[in-house]
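S.K.: give me coordinates for this.
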Amino acid sequence: MHNENKITPAGQKALHAIEQLVLFALRQQLIAPSDEDYSRNVLLEQFGFSEPHVGDIDQSPLEGPQAPLDALIDYGFEIGLIPENSDTYRDLLDAKIMGLLMARPSDVNAEFYSLTAEKGISAATDRFYKLSIDSNYIRMDRISKNVYWLQDSPYGDIEMTINLSKPEKNPKEIAMARLLPPPVYPKCLLCRENVGYAGRINHPPRQNLRIIPLNLNNEKWFFQYSPYVYYNEHCIVFHHEHVPMKLTKDTLKRLLSFVESFPHYFIGSNADLPIVGGSILTHDHFQGGRHTFPIQKAPKEDTFTHASYPGVSINIVKWPMSVLRLNGEDPAVLLECGNALYEAWKAYSDPEAEVLAFSEVDGEVQPHNTVTPIVRRAEDGSFEMDLVLRNNRTNEQYPEGIFHPHREMHHIKKENIGLIEVMGLAILPGRLKEELDSIAGILAGDQALLEAVKNDPSHSLAQHAAWIQELVERFGTALQHEEALKIVQNEVGIKFTHILEHAGVYKRTPEGQAAFRRFVTSFVAL
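M.R.: Model prediction:
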């Protein structure tokens, strides 16, 4: 253990950082005043100090814990607490430090339920969200670097983001992760066993994660926030057990149950089939939050009713994908209508519109139709359920999926169109930030870069070569860089709108919309 008068300037800086972090934790109520000495001492031990900092402390309020954390992590690398000064290893130590400056899970849960009883659910989620930010579980320092713009479209404004909040691993770390055995604990990133887990090179640290137990339909579920926060108060609701995603009537019932308890949040589920489903199909979960998505603002184009479900309206929504919006005062009746519509869609075929409910592969019947369900409370307190029709068929022309981003869009995005993007928020890969900036440079006159892209198939912009040529022909190469970047972003936004149209089962053509109405009419006639 170091005595302070023998330590290096970096050590002195680390000791000061410990005091700043303890003060930050007190001010943000991560710890109680009675925890102050204990918290300081566990941090001193962690970094090999036997005595605290002596002297003045910079007591300026901090927006977040990152500055003193970075000083401590730098020192941690210097004394060998982490083997490399990479994002992955720094994050492992970051979460460990903040985990020492937080209440235990039981105390966090008790505070959540106490606030719910005293001040209401909105006050409880406000506090829990702030805790997730202040503890650095949600990395606002990274999220603030995300690129965001609104894109005008025929369907209203679409939200565009280039997401930079997920740190990329370097090639050495990727190679190391491949050598590790498949993870057996925790089974996945959503399992409850992640709480307090130290992490490793192929699994993020979770000492600063806290989760809230929920009861949905007399089943055990948990509530937490996403560390990447793609939108305001982006939360995840996940099953107590590691069970695969399955979309049933119970799923819709759970979604309605959630918005009864959390009326200020929406909640939705990814579809449960490959290609149209989410990225984690092995653990049943939903995503929700406090955000008004573009889909919610989209107007209704046609309204139907069903005699068996009084008080429920069924509306076709003007949206690039095929959306049916159900609205009703009684969640029980809405559930029955939504489930009946879902079951009807699963069995529905219309070959003229490329919709086939089933196909046979190697003697096995494969289902193709499912939905992406979204539930929220309307302004008048009634219940709204959007059922976005999905189909995961492939064919020779579209081997990745008929209703999936087509290949000419893959230079922008080729991943599944999941729940968040269905609702009109694009989550584009981080690589695009630099790539779009470089393409703007070409439109602003970088001829050498343009020639390099044309002549080098291995160039980092080669996948965009045809698109770049099209942009050059349309806009020339004499723009100001800022103007060029706005044009490039606008063109990406237009492409993303087309990607959503690709994922739409019924196209926004007279024939496509007539086919859409054939399905709805067949349902209401049942």
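S.K.: quick check: mean pLDDT of stretch 203-212?
M.R.: Mean per-residue pLDDT for stretch 203-212: 97.
S.K.: figure out the length between the terminal residues of that stretch.
M.R.: 22 Å (Cα to Cα, to the nearest Å).
S.K.: what of stretch 206-218?
M.R.: 28 Å.
S.K.: what are the buried residues along it?
M.R.: 206-212, 214, 216 (16 or more other Cβ atoms under 10 Å). Heads up, the C-betas are built off the backbone N, CA and C, glycines and all.
S.K.: farthest pair within these?
M.R.: In those, the most distant members under the criterion Cβ to Cβ are Gln207 and Leu216, with 27.1 Å between them.
S.K.: in strands, which of the buried residues of stretch 206-218 fall?
M.R.: Among the buried residues of stretch 206-218, the residues falling in strands (DSSP state E) are 212, 214, 216.
S.K.: Met160 sits in which helix or strand?
M.R.: Taking DSSP states H and E as the criterion, Met160 maps to strand 158-162.
S.K.: in its sheet, what does that strand sit against?
M.R.: Paired neighbours of strand 158-162 in the sheet (DSSP bridges): strand 147-151 (antiparallel), strand 425-428 (parallel).
S.K.: in the longest one, what counts as buried?
M.R.: Going by neighbour count (16+ other Cβ under 10 Å), the buried part of strand 147-151 is 147, 149, 151.
S.K.: ok, the second one to Glu435 distance?
M.R.: If you measure Trp149 against Glu435 using Cβ to Cβ, to the nearest Å, the figure is 16 Å.
S.K.: picking up where we left off before, any chance of the strands paired with strand 158-162 in JSON lines with distance to Phe223 and mean pLDDT as columns?
M.R.: Shown next, in JSON lines, are the strands paired with strand 158-162 (distance: least, Cβ to Cβ, whole Å; pLDDT from 0 to 100):
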{"stretch": "strand 147-151", "distance to Phe223": "26", "mean pLDDT": "96"}
{"stretch": "strand 425-428", "distance to Phe223": "21", "mean pLDDT": "94"}
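S.K.: among these, which is nearest Phe112?
M.R.: With Cβ to Cβ as the criterion, Phe112 lies closest to strand 425-428 of those, at 27.0 Å.
S.K.: chain center to the closest one: distance?
M.R.: Strand 425-428 has its average C-alpha position 9 Å from the chain's average C-alpha position, going by Cα atoms, centre = their mean, to the nearest Å.
S.K.: cool, stretch 374-386 as well?
M.R.: Computed by Cα atoms, centre = their mean, the chain-centroid distance of stretch 374-386 equals 21 Å.
S.K.: need the distance between the two termini of it.
M.R.: Using Cα to Cα, the end-to-end distance of stretch 374-386 comes to 5 Å.
S.K.: that stretch: which residues count as buried?
M.R.: Judged by neighbour count using 16+ other Cβ under 10 Å, the buried positions of stretch 374-386 are 374-377, 382-386.
S.K.: for stretch 486-499, same thing?
M.R.: Using 16+ other Cβ under 10 Å as the test for burial, stretch 486-499 gives 487-489, 491-493, 495-499.
S.K.: separation between the residue found closest to Tyr506 once you drop the neighbours it is linked to in the chain and Leu189?
M.R.: Among residues not flanking Tyr506 along the chain, Phe516 sits closest, at 3.8 Å (Cβ to Cβ, 6 or more residues apart in numbering). The gap separating Phe516 from Leu189 is 36 Å, by Cβ to Cβ.
S.K.: the two - which one has more neighbours?
M.R.: Phe516 (24 against 18; other Cβ atoms under 10 Å).
S.K.: element containing the more buried one?
M.R.: Following DSSP H and E, the helix or strand that holds Phe516 is helix 510-524.
S.K.: out of the strands paired with strand 158-162, flag the one nearest Ala271.
M.R.: Nearest to Ala271 among the strands paired with strand 158-162 is strand 425-428 (16.4 Å), distances taken as Cβ to Cβ.
S.K.: dump the closest one to PDB, restricted to CA.
M.R.: What follows is strand 425-428, C-alpha atoms only, in PDB (Å, rounded to 0.1, in the frame of the first residue of the first chain):
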ATOM      1  CA  LEU A 425     -35.800   5.700 -35.600                       C
ATOM      2  CA  ALA A 426     -32.900   4.700 -37.700                       C
ATOM      3  CA  ILE A 427     -29.900   3.200 -35.900                       C
ATOM      4  CA  LEU A 428     -27.100   3.300 -38.400                       C
END
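S.K.: list the contacts of Val237.
M.R.: 214, 216, 221-223, 258, 267, 285-288 (Cβ atoms under 8 Å, 6 or more residues apart in numbering).
S.K.: okay, those in TSV with distance to Leu247 and secondary structure next?
M.R.: Formatted as TSV, the contacts of Val237 follow (distance: Cβ to Cβ, whole Å; DSSP: H, G, I helix; E, B strand; the rest coil):
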residue	distance to Leu247	secondary structure
Leu214	19	strand
Leu216	15	strand
Trp221	16	strand
Phe222	19	strand
Phe223	20	strand
Phe258	15	helix
Ile267	14	strand
His285	12	strand
Phe286	11	strand
Gln287	14	strand
Gly288	16	strand
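S.K.: closest to Asp362 out of these?
M.R.: His285 (30.4 Å).
S.K.: residues touching that closest one, list them.
M.R.: 190, 236-239, 245, 269.
S.K.: likewise Arg393?
M.R.: Counted by Cβ under 8 Å, 6+ apart, Arg393 has contacts 354, 356, 359, 368, 401-403.
S.K.: which of those residues lies closest to Ile31?
M.R.: Checking the contacts of Arg393 one by one against Ile31 (Cβ to Cβ), the nearest turns out to be Gly401, at 49.4 Å.
S.K.: what is the burial count for the closest one?
M.R.: Gly401 is flanked by 20 other residues according to other Cβ under 10 Å.
S.K.: from now on call the first residue 35
M.R.: In the new count, where the first residue is 35, that last one comes out as Gly435.
S.K.: what distance do you get for it to Asn426?
M.R.: From Gly435 to Asn426 the distance is 6 Å (Cβ to Cβ).
S.K.: repeat that for Asn236.
M.R.: For Asn236 relative to Asn426 (Cβ to Cβ), the value is 29 Å.
S.K.: who's more crowded, those two?
M.R.: Asn426 (20 against 17).
S.K.: so what's that one up against?
M.R.: 305, 307-311, 402, 404, 435, 437-438.
S.K.: what do you get for Glu545?
M.R.: Applying Cβ under 8 Å, 6+ apart, the residues near Glu545 are Ala387.
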